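S.K.: everything below, folded, please.
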Amino acid sequence: MKSISKLSVLVAFFTVKIALAQQSPNFTLYNFNMNIINPAYAGSNDMKEINLSYRSQWLGIDNAPSTQTFSFSKPLHDNLGFGLSIINDKVFVLSQRDVTIDLSYRLKVSESHDLFFGAKVGGGFVNIDLNDSGAPGFDPLFTSNQSFFNPHFGAGFYLKHKKYYITLSTPNFLNGKRYKKIGNLPRAAITNSHVYFGGGYIFSLSKNYQLTPAFMTVNVNGAPTSYDISCTLKMYEKFSLGTNLRLDEMTSIYSLIQVTNKLKFGIAYDFTTSDVNIVGEDNSLELILKYKF
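M.R.: Residues are numbered from 1 along each chain as shown. Next up, the predicted model:
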């Protein structure tokens, strides 16, 4: 029964050419880990920044996606910024590690507006361990492991104002492969480029309270556009509480705590509303640790 369960996940994974749910790592806390999706963000905070995050998706499903990220960014001289991102992503027998470098440039548009341009370069190392698929008997589809290197080249724009921001980016213009056709065997799992567009506005409710509604869209060729709508209440510069709605997919609640002047901890919990939830209580958990210095 366990083998059948594993195989059903694998068949679903390999027979859907465009699967937005996990073509690339899925995040809820986009707005607090922007370096992962937009290279223009590198160095935009005028200080060094380290972000660590962990996400476990669909907690009730065995071998469901899990993602760990590391990002570092810092401002350089002459309006330049530098960033480094590492993403480890795993779902069932597929694992992928992306390593990219970001370079940004700040253009002073006006006294209150900064426009950042960014480029992201690097690559992804993909491994599919079919020997661990649990397939019964001899099946040529499950006897040969697959390994790939996919080059990455992305770009982004980030408009920053003390009251609002707008972001537009793609972490990778290039389509990448996760599996290939061998003889008469099927092909699948082609990763298309993702385009992210979002923004937010900061309302000062009082001296100690700020409310920030925001949105983020993700567009993938051949798949429905994903829409995120969020709202964050920040209190006394120490604590934030928010909620996020991803249309037809999930709703989320999250909070961030300023542990020290330099360290911030965040947690998000997603409630699945898509058809995946038919299987059971398949919600998701995301954690983030931010250090600015």
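S.K.: sec struct for residue 40, please.
M.R.: helix (DSSP: H, G, I helix; E, B strand; the rest coil).
S.K.: shouldn't it be in contact with residue 117?
M.R.: Yes. At 5.8 Å, residue 40 and residue 117 qualify as touching, with contact defined as C-beta atoms under 8 Å. To be clear about C-beta, it is placed using only N, CA and C from the backbone, and glycine gets the same treatment.
S.K.: can you list residues touching both of the two?
M.R.: Shared contacts of residue 40 and residue 117 (C-beta atoms under 8 Å, 6 or more residues apart in numbering): 104, 155, 156, 157.
S.K.: so which of these wins on neighbours?
M.R.: residue 104 (28 neighbours; other C-beta atoms under 10 Å).
S.K.: packing partners of the helix or strand that residue falls within?
M.R.: If you go by DSSP states H and E, residue 104 is part of strand 94-108. The contact analysis (3 or more C-beta pairs under 8 Å, 6 or more residues apart in numbering; DSSP states H and E) places strand 94-108 against strand 80-91, strand 114-128, strand 146-160.
S.K.: ok now the last one, how far from the chain's centre?
M.R.: With C-alpha atoms, centre = their mean, to the nearest Å as the basis, strand 146-160 stands 12 Å off its chain's centre.
S.K.: strand partners (parallel or antiparallel) of the next helix or strand after that strand?
M.R.: Sequence order places strand 164-170 as the next helix or strand after strand 146-160, per DSSP H and E. Paired neighbours of strand 164-170 in the sheet (DSSP bridges): strand 146-160 (antiparallel), strand 194-201 (antiparallel).
S.K.: which of these has the lowest mean pLDDT?
M.R.: Ranked by mean pLDDT, these bottom out at strand 146-160, with a mean of 93.
S.K.: buried residues in that strand?
M.R.: By 16 or more other C-beta atoms under 10 Å, the buried positions in strand 146-160 come out as 146, 148, 150, 152, 153, 154, 155, 156, 157, 158, 159, 160.
S.K.: give me the low-pLDDT residue ranges for the chain?
M.R.: Scanning the chain for pLDDT under 70 picks out 1-24, 132-144, 176-191, 275-282.
S.K.: repeat that with 90
M.R.: Under the criterion pLDDT under 90, the flagged ranges of the chain are 1-26, 30, 57-65, 91-94, 126-148, 174-193, 220-224, 248-249, 272-282.
S.K.: including distance to residue 170, could the shared contacts of residue 40 and residue 117 go into JSON lines?
M.R.: Below are these laid out as JSON lines (distance: C-beta to C-beta, whole Å):
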{"residue": "104", "distance to residue 170": "15"}
{"residue": "155", "distance to residue 170": "7"}
{"residue": "156", "distance to residue 170": "7"}
{"residue": "157", "distance to residue 170": "11"}
